[in-house]
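Asks: Got a sequence here, can you model it:
(3 chains)
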Amino acid sequence: MSDTFLGMPAFPQAARVALHNTTLRANLRHATHTIRAKRAQAVAELSDWEQLRDAGRQIKDHTLRHLDRYLIQLEQAVTESGGTVHWAVDADDANRIVADLVKATGESEVVKVKSMATQEIGLNEALAAEGITAYETDLAELIVQLGDDRPSHILVPAIHRNRAEIRAIFTSEMAAWGRAAPDGLTDSPGDLAEAARLHLREKFLRARVAISGANFMVAETGTLVVVESEGNGRMCLTLPRTLISVVGVEKVVPTWRDLEVFLQTLPRLSTAERMNPYTSMWTGTVDGDGPQDFHLVLLDNGRTDVLADAVGRQALRCIRCSACLNVCPVYERAGGHAYGSVYPGPIGAILTPQLRGTTSAIDASLPFASSLCGACYEVCPVAIDIPEVLVHLRERVVDQSGAGHRTESIAMAAVSWALRHPSVLATAERLATTTRALHPRRPPGVRAWTAGRELPELPAQSFRDWWKENHR
Amino acid sequence: MRVALFVTCVNDALFPATGIATVTLLERLGVTVDFPAAQTCCGQPQFNSGYRRAAEGLVRHTARAFAAYEYVVTPSGSCAAMVREQYPRLGETSLPKRTYELTEFLVDVLHITDVGAYFPHTVTYHPSCHGLRTLGLGDRPRRLLHAVKGLELRELPGADECCGFGGTFAVKNADVSVAMGQDKVRSAVSTRADVLCAADNSCLTHLGGLIRRQQEPLRPLHIAEILSATEQHPYLPAELTR
Amino acid sequence: MTQAARERILARIRSAVEQTPDVPPPTRDYLTAHTRDDPTQNTERLHRNLTEYRAIVHRATPTRLPTLLAERLAAQGAQSIVVPDGVPDAWFSACAIQRYGDRGPLTPAALDAIDAVITGCALAIAETGTIVLDGGPDQGRRALTLVPDLHICVVRTPAQIVPSVPLALPLLAPDRPLTWISGPSATSDIELDRVEGVHGPRRLEVVLLETEG
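Replies: Next comes the predicted model:
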């Protein structure tokens, strides 16, 4: 994965900083609460929601079990319809393939459709190192790029910014990247969208090369699908001569028919719409319509490691709807940057440590960045049991006995031994209650608790002792 | 009917009143209550913290402690959820089928929603995440509260949002945990209820700690203590009789 | 290099899943449609859902269509239109404005200078308020319906309307470039609040053309 985030502090420290940023908290609260109610309504319209969710899960699990077969089928179908398929083991591989393809066109700039995979591999930075400028064309990505910022949400990477901040970024930064923001730009979302339209229009019209990801790839037909709202995707997928799509291997679905499930669930879950404004589907190249040169780069970059974990592999079902972020109480307060990855929120907390491993401070802290409340699992359109995977990854972190877990391991073993011996437990409880007046108000080790909360008062007698006295 | 009370380690050590209220309530409804003394902890703290092996030992221990009982009743949505949801993954399949969270046992097994309680106070109810999402308790607790004489139930805004306790999350991510809890307390205070009720003392330990730190005019109380109160034996803490 | 990568990825996949029992294809017990396939209902529903996402929807008979198109182009201030070859000339019998065919073909810059595009469609989906273009003769290549700022799309009712997504997919050819359009361009990128009009046509007008059979 991109090393943009390496060296990040562990989640709790990063979250603490975010919590003190009142603008950020207000922005996130406003945005996530707005979308929650709308999503619930969009889902409630479908009486067969549970069946669609289950079918989505089954399609993904079936595909993952036979991923080799479906990728080969996809490769064949794409090739037969005029595309070229490349395979990339890791980020470096993929970046090199893309850079070489762009250089072969003789171009030094590309337009980009919002793509998680290309963020994950740090493609823009890799292209810049080769003298190629990548222009992000999704509105939120544009905000992030112009603001020299990092994405904080899967669907709305600039969710941490409010309209006033966006206005300021456009006003000060657009000129350096192309057409300047209009004079007297207001912070109404309509005006901001218009400024982005004008700024990007000239880039779309002259672009010769586009880079995209894809939401789905259909193995039996070789069709790629991009789901979007603004039309920047259509611009990139239609006007340039060369199109390069970088797509994670897990995005393949076996059949054309499988789209009927995801095209019903994805828009409702991500933007709370019955259908998103634009969905583009293309199969290889078409004479006289759209790019005449199409390359598909199939990306592994850790996905096969995830696939090898029988519990963790369900994370590969993800269709990047971002509903889990929008309902997550931890994400709402900590913000996306605290997760130290292009994949924030609950799905990020299970995907990032699997893709990157759990050796760095941030990655080892991610499985613990959850109260296990289960709201993410409840909304997930492919039924990823995120709490299950979180707990599973906690085991992995503990087994590695990473920083901070060694003392805890010893304590946990001692407590667990005592808990298997009720008489020891009873004695300990009695000791605690009889000496309760002697306890320090802030005993060491519970400082984290008492920083914001009082400790519970110890009762005069345990239940166990009460029962003994009152029920034989 | 005879049931085993699984009081849980948190209630045993910190909230004996909840255990006592559960016994009082069940006996009033004609249920014979046993307390198998071998019981300790369900293993959830170990399991959720990544100590699977330690948890497995407690799973076996707990399963043995309750092996003889057809009904095991616990006043904890969280521990009931651990048994129901995770025990099968940890090799124990029998106990999950025999374990009931208290409100679930009252409504589904005893088929009672009016337990004859009396509690002349305003109450708002926080459905814990494990009760709400893992056990699917639905409106059972609120139906029980509705039937309590004298009780006025006030809807809690954002009820389905987590309070921020989350076991070791409360300590490992203390800042986020406190922020979530503060929002929950603010929401509860906005109802102007006297009592913040839940079916889980783990949530209430966290919320109660915040309430006391912030000196909010709100009393955290387990639902068993409300349901056990009657006109003959009312619940009479000083805070509620002012 | 990519060949070695291919073999390596496929081998890693095989070793990752070889211990996993087979997972059968999905059981599809979800609905084929959420509404009854009734021609009148389909049209009503499409109309309502398109309107909800800020498309302007009209009803017209074949006789009335030319006048309606002329009126709409005038109302939107369009001075020029581009029209794919397969659109009947008769639709424009009441239009006096500059009309372009896709000759050359037109460059993106040339299209950018044209105010509007008028097309037919492959089909429309009532439940989701979606029209689908497949590059057929009355729709042209994708750039035509993308660059001009006003798109007027004529849907033949009830023949071209299907109730749902599952009923639409089998009627569409995957080897054609498909564009699904549900209302005009929109974004939720600012505070997750939806606003219409970014890069695609900011104005979408749909004419539900009443035809027989």
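Asks: Residue A:158 and residue C:188 touch, don't they?
Replies: No. Using CB atoms under 8 Å, residue A:158 is not in contact with residue C:188, being 11.2 Å away. The way it works is simple: take the backbone N, C-alpha and C, and place the C-beta from them, glycine included.
Asks: ok, residue B:86 - contacts?
Replies: Each residue near residue B:86 by CB atoms under 8 Å, 6 or more residues apart in numbering or on different chains is listed here: B:44, B:47.
Asks: quick one: the strands in the stretch 201-350 of chain A?
Replies: A:209-212, A:216-218, A:223-228, A:242-248, A:252-253, A:278-283, A:293-299 (DSSP state E, counting those that start in this stretch).
Asks: need the ones you listed in JSON lines with mean neighbour count, mean pLDDT and distance to chain B, can you?
Replies: Shown next, in JSON lines, are the strands of the stretch 201-350 of chain A (neighbours: other CB atoms under 10 Å in any protein chain shown; pLDDT from 0 to 100; distance: least, CB to the nearest CB, whole Å):
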{"stretch": "strand A:209-212", "mean neighbour count": "26", "mean pLDDT": "98", "distance to chain B": "35"}
{"stretch": "strand A:216-218", "mean neighbour count": "24", "mean pLDDT": "98", "distance to chain B": "29"}
{"stretch": "strand A:223-228", "mean neighbour count": "25", "mean pLDDT": "97", "distance to chain B": "28"}
{"stretch": "strand A:242-248", "mean neighbour count": "25", "mean pLDDT": "98", "distance to chain B": "28"}
{"stretch": "strand A:252-253", "mean neighbour count": "26", "mean pLDDT": "98", "distance to chain B": "29"}
{"stretch": "strand A:278-283", "mean neighbour count": "26", "mean pLDDT": "98", "distance to chain B": "32"}
{"stretch": "strand A:293-299", "mean neighbour count": "23", "mean pLDDT": "98", "distance to chain B": "30"}
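Asks: can I get the ones you listed in TSV with distance to residue C:3?
Replies: Formatted as TSV, the strands of the stretch 201-350 of chain A follow (distance: least, CB to CB, whole Å):
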stretch	distance to residue C:3
strand A:209-212	23
strand A:216-218	20
strand A:223-228	22
strand A:242-248	18
strand A:252-253	19
strand A:278-283	23
strand A:293-299	13
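Asks: How far away from the center of its chain is stretch C:148-160?
Replies: 8 Å (CA atoms, centre = their mean, to the nearest Å).
Asks: Counting neighbours, which bits of that stretch end up buried?
Replies: C:148-158, C:160 (16 or more other CB atoms under 10 Å in any protein chain shown).
Asks: Now flag whichever of these is closest to residue A:63.
Replies: Closest approach between the buried residues of stretch C:148-160 and residue A:63, by CB to CB: residue C:160, at 32.4 Å.
Asks: Show the backbone phi and psi for the residue nearest to that closest one when sequence neighbours are not counted.
Replies: With CB to CB, 6 or more residues apart in numbering or on different chains as the criterion, residue C:160 has its nearest non-adjacent residue at 5.0 Å, and that residue is residue C:123. Dihedral pair for residue C:123: phi -170, psi 170, per degrees, to the nearest 10.
Asks: What residues are bridge-paired with residue C:123?
Replies: Legend: beta-bridge partners of residue C:123 under DSSP bridges are residue C:132.
Asks: which residues touch it?
Replies: Contact partners of residue C:123, counting by CB under 8 Å, 6+ apart, are C:131-132, C:160-162, C:168, C:171-172.
Asks: Just put the buried residues of stretch C:148-160 in a markdown table and tack on pLDDT, distance to residue B:120 and secondary structure.
Replies: Output for the buried residues of stretch C:148-160, formatted as a markdown table (pLDDT from 0 to 100; distance: CB to CB, whole Å; DSSP: H, G, I helix; E, B strand; the rest coil):
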| residue | pLDDT | distance to residue B:120 | secondary structure |
| --- | --- | --- | --- |
| C:148 | 96 | 70 | coil |
| C:149 | 95 | 67 | coil |
| C:150 | 96 | 67 | strand |
| C:151 | 97 | 66 | strand |
| C:152 | 98 | 67 | strand |
| C:153 | 98 | 65 | strand |
| C:154 | 98 | 69 | strand |
| C:155 | 98 | 64 | strand |
| C:156 | 97 | 69 | strand |
| C:157 | 95 | 64 | strand |
| C:158 | 94 | 63 | coil |
| C:160 | 98 | 66 | coil |
